[in-house]
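Engineer: below are the sequence and a predicted model; questions follow.
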Amino acid sequence: MHVAHLSLADFRSYARVEVPLDPGVTAFVGPNGQGKTNLVEAVGYVATLGSHRVATDAPLIRLGAERAVVRCSIVREQRPTLVELEITPGKANRARINRSDNVRPRDVLGLLRTVLFAPEDLALVKGDPGERRRFLDELLTARAPRLAGVRQDYERVLKQRNALLKTAAMARRAGGGKGADLSTLEIWDGHLARAGAELTAFRLQLVGALQPLVAEAYRQLAPGAGETVLEYRSSFEGALPTSREQAEEQLLGALQGMRKQEIERGLTLVGPHRDELVLRLGPLPAKGYASHGESWSFALALRLASYELLKADGGEPVLILDDVFAELDARRRDRLAELVAGGEQVLVTAAVPEDVPKALTGARYAVSEGTVTRLDP
């Protein structure tokens, strides 16, 4: 799998740009702030319908424009597919596949798969639990695009249930202890438990599949530096479920057990949205104990493991290395370059040519003031 052509209109800093791409390594080189990351961000957006830099779509639109358009020609098993996404803040985004309008944006998921390394990845180790939950859920969706619907169902039910709990909490405070009508809460409990159980079951399967791959990737990046462990921790007490049915039963029981506290706080306190993926290096949690270099190695190991898992599913993903090498010491830089150099397509951004390791030979583009120019070999 590789991207053969990228076309942007009013995306970030680009009024319009056309970038033909080849398999193998392509490096975008230029000073910071010139638009290198914007190019690979657009590729990642086609794969995930989201940005690795911002949580909303509004910053993706060029200043003064109403919408942005990303067109991406994807080649998989020698068959080309044209994906077009129209991004309009405040409105539903639109998608086209091979010029057909009869598609939803989420139908695009799965056509292009990427694994992106970026300085933001350090938050996978040092950041809040939400960063690690998002990592799991995005990888789940990359492997099985239908799970985007499961995630949306869970988030919709969670929003409705939280609104009901918030109304009840406000009514209790205003009424001196008398609450609002909660006759529908049990119905929402059932919906949340069903959607949450499916999401939890898939997350647990994913963690089990990732565990040996992360351990091996970390060993390759940092030989002799310790053993990595991934531990999925539920937001309620009890052993982790071994099936979707058991997960639904446990979550339903936890919701009923927390009802008093949830009504008091006006918030759903248990469920996949509050679960945690604990990363351990040896006996200690990586967060708070791992050094800067160890944290980087752990974050990179998570991404390399994701790459191996997606490759094993069929269809090698596009690797994106966004300004990563400048963050690494020489040993980790060279080791990472050796591990990814054989990828079907590797897209690299760097501020200066010296930041691109020698192992990553291939096409070079100079990026400056909104122009992207291919350099002669």
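Structural biologist: Nice, I can see it. Residues are numbered from 1 along each chain as shown.

Engineer: so where's the stretch 101-250 of the chain shaky on pLDDT?
Structural biologist: Residues of the stretch 101-250 of the chain meeting the criterion pLDDT under 70: 175-181.

Engineer: now the strands: where do they sit in the stretch 201-350 of the chain?
Structural biologist: 228-233, 276-281, 284-285, 318-322, 345-350 (DSSP state E, counting those that start in this stretch).

Engineer: ok now stretch 147-162, how far from the chain's centre?
Structural biologist: 17 Å (CA atoms, centre = their mean, to the nearest Å).

Engineer: same thing with stretch 363-374?
Structural biologist: Centre-to-centre, stretch 363-374 and its host chain are 27 Å apart (CA atoms, centre = their mean).

Engineer: now do it: distance from first to last residue.
Structural biologist: 8 Å (CA to CA, to the nearest Å).

Engineer: next, the buried residues of that stretch.
Structural biologist: 363-367, 372 (16 or more other CB atoms under 10 Å). For glycine as for every other residue, the C-beta is placed from the backbone atoms N, C-alpha and C.

Engineer: tell me which two of the residues you listed sit farthest apart.
Structural biologist: 363 and 367 (12.9 Å; CB to CB).

Engineer: one step back: closest to residue 303 out of the strands of the stretch 201-350 of the chain?
Structural biologist: Closest approach to residue 303 among the strands of the stretch 201-350 of the chain (CB to CB): strand 318-322, 8.8 Å.

Engineer: average model confidence for stretch 34-54?
Structural biologist: Averaging pLDDT along stretch 34-54 yields 93.

Engineer: buried sites along it?
Structural biologist: Under 16+ other CB under 10 Å, the buried positions of stretch 34-54 are 34-53.

Engineer: ditto for stretch 236-251
Structural biologist: Buried residues in stretch 236-251 (16+ other CB under 10 Å): 236, 241, 244, 246-248, 250-251.

Engineer: how about stretch 96-112?
Structural biologist: Buried residues in stretch 96-112 (16+ other CB under 10 Å): 96-97, 106, 108-112.

Engineer: want to throw those into CSV with distance to residue 294?
Structural biologist: CSV is the format used below for those (distance: CB to CB, whole Å):
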residue, distance to residue 294
96, 45
97, 42
106, 37
108, 37
109, 33
110, 34
111, 36
112, 32
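
Engineer: who's in contact with residue 308?
Structural biologist: Residue 308 makes contacts with 213, 217, as judged by CB atoms under 8 Å, 6 or more residues apart in numbering.

Engineer: should've said residue 82
Structural biologist: Contacts for residue 82 (CB under 8 Å, 6+ apart) come out as 71-74, 96-99.

Engineer: stretch 174-187: end-to-end distance?
Structural biologist: 25 Å.

Engineer: start the count at 54, not 1, going forward
Structural biologist: Fine by me, first position is 54 from now on; the one you just mentioned is stretch 227-240.

Engineer: ok so, going back, take the buried residues of stretch 289-304 and keep only those in helices.
Structural biologist: 297, 299-301, 303-304 (DSSP state H).

Engineer: follow-up on the earlier one: can I get the contacts of residue 135 in JSON lines with distance to residue 142?
Structural biologist: Listed next are these as JSON lines, based on distance: CB to CB, whole Å:
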{"residue": "124", "distance to residue 142": "19"}
{"residue": "125", "distance to residue 142": "20"}
{"residue": "126", "distance to residue 142": "26"}
{"residue": "127", "distance to residue 142": "25"}
{"residue": "149", "distance to residue 142": "19"}
{"residue": "150", "distance to residue 142": "22"}
{"residue": "151", "distance to residue 142": "26"}
{"residue": "152", "distance to residue 142": "25"}
